[in-house]
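> Next comes the sequence, and after it the predicted model I'd like to discuss.
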Amino acid sequence: MTANRVGEQTAGSLALALLASCAAAPTTTTPPAPVELVVLGIAQDGGLPHFGCEQPCCVQARQSGRVLFPACLGVVDRRGDDGPRLLLIEATPRIEEQVALLHELASVQGRGRQPVDAVLTTHAHLGHYLGLAWFGREVAGSKQVPLHASPRFCAFVREHAPWRQLVALGQLAPMPFVVGEPFAPWPGLQVTALAVPHRDEWSDTMAFVVRGPQRAVLFVPDVDAWDKAPGLLRRLLDGVDIAYLDGTFYDGRELPDRDLAEIPHPLMTRTMELLAEVAAQRPGALRFLHCNHSNPVLHDAALRERLTARGFALAVQGERVAL
Ligand SMILES: [Zn+2]
Ligand SMILES: [Zn+2]
Ligand SMILES: [Zn+2]
């Protein structure tokens, strides 16, 4: 354990005060809420089963037909007169199945070549943006789908093949947001992008806070470590009702050959240590996703029960939050 882990603990205690101040409890409503956030995937970039893995985690998934899509959220806004508006947060390589699930959860049909109204991407790693290619001429051939991303990400898609072809042909319309400032994919839906430390070869990396009329939800699928930027966890959780957090690795047992200090993700056990008080006060508000195919939490029901007993949760593909 490093010295600045103490600073993380402080951040966790602060986060407790901030998160606990939110009065409303998360609920699923019937009939559906006017604005809903839905979970369309909970796995790490490669999903489950994972290309190149022949360990029991993926061999068994192939045998049983179990499939977990890469981490991805959707927002359904039913307040307009022209049918629900749809926002896709991350364009993964499983975009077809995930948008089909979004349409099913939103009871939407007939969208044709404009399957969603806008797309947000956190960063340029394959599980988070390769699906943008599906908007291109080989597949949907969409028209001017707004792509809300950081200025660096937008510059990346404008400059590099194959992405620049989608921009040139008017299939995607990159719309850089200002990092740290709220923006609106459409009126009444607010998003704030916050920069987080991560392996930033092609773009920087964002977390998103999505705010509807009732709740704010944090989405931070990839982060190197909570203590890499001072006060990061506190800033991310400020005013948030539900948080979807990086749950890539559980406690390192899934990486027996790696030095724990060099794993570029906060272990779930460490995050649970830091946020223990929040979870106890607001059970179910802190939910893990972006789980690696090897993460035992995906495969061990008893472990998931212990997680729940401590007030945390594993996100579930298809779950809905009234936003
Ligand atoms: Zn990722
Ligand atoms: Zn595997
Ligand atoms: Zn990444």
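Received, thanks. Ligands and ions are numbered 1, 2, ... in the order given.

> Show me what from the stretch 1-150 of the chain comes close to ligand 2.
Neighbours of ligand 2 within the stretch 1-150 of the chain, by CB under 5 Å from the ion: His50, Cys53, Gln55, Cys57, Cys58. Placement of C-beta: from N, CA and C, glycine included.

> before we move on, what SS does the last one have?
Right, the one you point to is Cys58. Here Cys58 takes the helix state, with states given by DSSP: H, G, I helix; E, B strand; the rest coil.

> Pull the contacting residues for it.
Residues near Cys58 by CB atoms under 8 Å, 6 or more residues apart in numbering: Leu48, Pro49, His50, His293.

> give me the residue from the stretch 101-250 of the chain nearest ligand 3.
Nearest residue of the stretch 101-250 of the chain to ligand 3 (CB to the ion) works out as His125 at 3.4 Å.

> Return the subset of the contacts of Cys58 lying in strands.
If you go by DSSP state E, the contacts of Cys58 have nothing in strands.

> Looking at the residues you listed, state which has the most neighbours.
Counting neighbours by other CB atoms under 10 Å, Leu48 leads the contacts of Cys58 with 25 neighbours.

> Confirm that Glu277 lies within a helix, as I assumed.
Yes - assigned with three-state DSSP, Glu277 falls within a helix.

> what's the neighbour count on it?
Neighbourhood size, Glu277 [other CB under 10 Å]: 16.

> Check which helix or strand the closest residue to ligand 1 within the stretch 101-250 of the chain maps to.
Closest to ligand 1 within the stretch 101-250 of the chain is Asp222: 4.3 Å, counting by CB to the ion. Of the helices and strands defined by DSSP states H and E, none includes Asp222.

> how far away is the closest residue in space to Gly41 that isn't next to it in sequence from ligand 3?
Take Gly41 and drop its neighbours on the chain: the residue closest to it by CB to CB, 6 or more residues apart in numbering is Phe69, 3.3 Å away. The gap separating Phe69 from ligand 3 is 16 Å, by CB to the ion, to the nearest Å.

> ok, how many other residues are close to Phe69?
Residues near Phe69, counting by other CB under 10 Å, number 22.

> my guess is it contacts Glu90, does it?
No - Phe69 lies out of contact with Glu90 (CB atoms under 8 Å); the separation is 9.9 Å.

> Find residues that contact each of the two.
Common neighbours of Phe69 and Glu90 (criterion: CB under 8 Å, 6+ apart): Gly41.

> just the strands in the protein please.
35-41, 72-77, 85-89, 118-120, 145-149, 172-176, 183-186, 189-195, 206-211, 216-220, 242-246, 286-289, 312-314, 320-322.

> Would you format these as JSON lines with mean pLDDT included?
Converted to JSON lines, the strands of the chain look like this (pLDDT from 0 to 100):
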{"stretch": "strand 35-41", "mean pLDDT": "98"}
{"stretch": "strand 72-77", "mean pLDDT": "98"}
{"stretch": "strand 85-89", "mean pLDDT": "98"}
{"stretch": "strand 118-120", "mean pLDDT": "98"}
{"stretch": "strand 145-149", "mean pLDDT": "98"}
{"stretch": "strand 172-176", "mean pLDDT": "98"}
{"stretch": "strand 183-186", "mean pLDDT": "98"}
{"stretch": "strand 189-195", "mean pLDDT": "97"}
{"stretch": "strand 206-211", "mean pLDDT": "98"}
{"stretch": "strand 216-220", "mean pLDDT": "98"}
{"stretch": "strand 242-246", "mean pLDDT": "98"}
{"stretch": "strand 286-289", "mean pLDDT": "98"}
{"stretch": "strand 312-314", "mean pLDDT": "98"}
{"stretch": "strand 320-322", "mean pLDDT": "97"}
